[in-house]
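**Student:** build me a structure from this.
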Amino acid sequence: MKKIAQLSFVFLSLFAVASCSDDDTVDTEKPTIEIVSPVDHQEVEPGSSFTFKANLADNAGLASYKVEVHSAEDGHEHKTVMAKSGFFEYSVVKDVPNKAKNHTAEEVIPVGTDVTEGHYHVGITVLDVNGNQNQQFLEIFIGHEHEH
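**Tutor:** The predicted model follows:
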């Protein structure tokens, strides 16, 4: 009788382990980002606009993203330069519809005529449904065509 009880316990334990789903695992995979446009070091004329486009993907689902443009005067810190008049800044945060696993982020970004010419970081920060984050930046030049 003892052996039957022990075998029953073993079978129940195996059944419990086998019936556990993968939903109990913690998702630590960051979303992926492919920036399609603009291209790195692209020149943008003041008074025009450019299109930011990126393909986003995640194994569990995408929650939101932030597209931003700021002066590259901060080196590679990706923080906005404070108190510098005339530097162009842009920022928008959007939710991903239906927490899709794949999404194309696309923003037409207008550039004013009176912005300070120079190098700017253009980037995206993506958050998935489990709180994992990834970001990618590139650099553009806003100004009139010349050697830089």
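**Student:** middle-most residue in the chain, spatially?
**Tutor:** Per CA atoms, centre = their mean, the C-alpha nearest to the average position across the chain is that of Val126, at 2.5 Å.
**Student:** show the contacting residues for it.
**Tutor:** Pro31, Ile33, Leu56, Asp58, Leu62, Ser64, Tyr65, Gln133, Asn134, Gln135 (CB atoms under 8 Å, 6 or more residues apart in numbering). Where C-beta positions appear, they are placed from N, C-alpha and C, glycine not excepted.
**Student:** would you mind giving these as TSV with neighbour count, distance to Ile109 and pLDDT added?
**Tutor:** Below are the contacts of Val126 laid out as TSV (neighbours: other CB atoms under 10 Å; distance: CB to CB, whole Å; pLDDT from 0 to 100):
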residue	neighbour count	distance to Ile109	pLDDT
Pro31	26	21	98
Ile33	18	17	98
Leu56	21	17	98
Asp58	25	24	98
Leu62	23	21	98
Ser64	14	18	98
Tyr65	24	14	98
Gln133	12	22	98
Asn134	17	21	98
Gln135	16	17	98
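**Student:** just the ones of the residues you listed in strands?
**Tutor:** The strands, defined by DSSP state E, take in Ile33, Leu56, Leu62, Ser64, Tyr65, Gln133, Asn134, Gln135 from these.
**Student:** what's across from the second one in the sheet?
**Tutor:** Bridge pairing for Leu56 (DSSP bridges) gives the partners Ile33, His103.
**Student:** sorry, back to before: the residue nearest to the centre of the chain and Lys30, how far apart?
**Tutor:** Counting by CB to CB, to the nearest Å, the gap from Val126 to Lys30 is 8 Å.
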